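S.K.: Take this sequence and fold it.
(one chain, ligands or ions: 1)
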Amino acid sequence: MEALKQKIREMGTVLSDQVLKVDAFLNHQIDPALMQKVGHEFAERYRAQGVTKIVTIEASGIAPAIMAGLELGVPVIFARKFQSLTLKSELLISKVFSFTKQTESTIAISAKHLSAADHVLIIDDFLANGHAAKALIDLIQQAGASIAGLGIVIEKSFQDGRKLLENEGYRVESLARVASLEGGQVHFLD
Ligand code: 5GP
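M.R.: Here you go, the predicted structure:
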């Protein structure tokens, strides 16, 4: 998606060979017009799939997810993060290792929002090693729902997330694919 790549070139900051900072338009300050285009693009790619719900993770997945939900006309659920959580029967719970924080946290969604009748599109801001995606897949499977695929705003293609997810049979649609962050520059795959 050209407008997104342009924005990354203009406003993204390469923090290291592994981490791209995009807090000027996605992770802190949010560009609503760009998010609308992102949501439209996800909707175009998944419109024919019969998606009934979108699932994302707080906080940075919410903006793109809500725009995609608006376009597809479906509700958006965001998994909430907890430092620790005592088991509650009304919650679906999983664990996720955070790439940026290098800590493990617990994520949960209320079981009442997902059922076996749902066909879910997962949306997130970044795909790195796929830990967040795998935890969301786990929550959705606990509800017995099926998965249409994943929509990722920025994929770091030099990390293993896409390979891991595709090996398990999931469709991954990424709007910007970063081949490397070497030399302080963002190099796109295509
Ligand atoms: P994964 O779970 O795929 O290893 O990492 C994805 C999650 O970590 C995303 O939800 C995102 O919040 C965060 N993340 C991973 N890489 C980056 C990055 O380069 N920049 C930022 N801002 N967040 C990242």
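S.K.: Can you give me the neighbour number for residue 169?
M.R.: Around residue 169 sit 7 other residues, with neighbours defined as other C-beta atoms under 10 Å. Bear in mind the C-beta positions are built from the backbone N, C-alpha and C, glycine included.
S.K.: Is residue 177 within a helix or a strand, and which one?
M.R.: Residue 177 is part of strand 172-180, with elements assigned from DSSP states H and E.
S.K.: for that strand, packing partners?
M.R.: Taking 3 or more C-beta pairs under 8 Å, 6 or more residues apart in numbering; DSSP states H and E as contact, the helices and strands that strand 172-180 lies on are helix 2-11, helix 32-46, strand 146-156, helix 161-167, strand 187-188.
S.K.: Now tabulate the ones you listed in JSON lines and tack on mean pLDDT and distance to the ligand.
M.R.: Below are these laid out as JSON lines (pLDDT from 0 to 100; distance: least, C-beta to the nearest ligand atom, whole Å):
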{"stretch": "helix 2-11", "mean pLDDT": "98", "distance to the ligand": "11"}
{"stretch": "helix 32-46", "mean pLDDT": "98", "distance to the ligand": "15"}
{"stretch": "strand 146-156", "mean pLDDT": "98", "distance to the ligand": "6"}
{"stretch": "helix 161-167", "mean pLDDT": "98", "distance to the ligand": "4"}
{"stretch": "strand 187-188", "mean pLDDT": "98", "distance to the ligand": "14"}
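S.K.: Deepest-packed of those, please.
M.R.: Ranked by mean neighbour count, the helices and strands packed on strand 172-180 are led by strand 146-156 with a mean of 23 (mean count of other C-beta atoms under 10 Å).
S.K.: tell me the mean pLDDT over the strand holding residue 177?
M.R.: On average, the pLDDT along strand 172-180 is 98.
S.K.: just to revisit the earlier point, between the helices and strands packed on strand 172-180, which one is closest to residue 107.
M.R.: Across the helices and strands packed on strand 172-180, the minimum distance to residue 107, taken as C-beta to C-beta, is reached by strand 146-156, at 15.8 Å.
S.K.: now the angle between helix 32-46 and that closest one, please.
M.R.: Per axes from the mean of the first three to the mean of the last three C-alpha atoms, to 10 degrees, the angle that strand 146-156 makes with helix 32-46 is 130 degrees.
S.K.: Residues of the chain that sit close to the ligand?
M.R.: Those residues of the chain that sit near the ligand, judged by C-beta under 6 Å from any ligand atom, are 19-22, 27, 57, 60, 99-100, 124-133, 156, 161.
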